[in-house]
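# Need a 3D model of the sequence below.
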Amino acid sequence: MLPKQYRLPKEKFQYIYKNGKKLRGKYGMLVFVRTEELENPQLGIVVSKKIGNAVMRHKMTRLIRNIFVNTVNLKKELKTSPTLLQYVAFEYCEDYHLLEKELASQLEKALQ
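A predicted model of the protein is given here:
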């Protein structure tokens, strides 16, 4: 589970999707809004029902969350710029390294 200071409040999901910049990848789309109001970045994860049943969706959610929490490079980049992030997954990926590579490249583009 994400620490509370890094969780995106549910009322901000629509705002980010409407007003944010979108970076589409093979497995999902990163939507982000930069803001100076926050001390920490906040992340929300949306997993589409197109991915499969509840077990597959939950596995995808856990993979995405682990990538954001455990990857050292992503932590350093995110802490330097307070950003509201929303990741919308729409294709199933069981390979941690493929998903990590895609997320890292999307984040790098977002934080430039």
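# which stretch of helix or strand covers the closest residue to residue 10 other than its chain neighbours?
Computed as C-beta to C-beta, 6 or more residues apart in numbering, the closest residue to residue 10 that is not its neighbour in sequence is residue 44, at 8.0 Å. Using the backbone N, CA and C atoms, a C-beta is placed for each residue, glycine as well. Per DSSP states H and E, residue 44 falls inside strand 42-47.
# Report the mean per-residue pLDDT for the following helix or strand past that strand.
Per DSSP H and E, the first helix or strand lying C-terminal to strand 42-47 is helix 54-70. Taken as a whole, helix 54-70 has a mean pLDDT of 90.
# what comes into contact with helix 54-70?
Under the criterion C-beta atoms under 8 Å, 6 or more residues apart in numbering, residues 1-2, 6, 28, 43, 45, 47-49, 51, 74, 78, 87, 89, 92-94, 96, 99-100, 103 lie in contact with helix 54-70.
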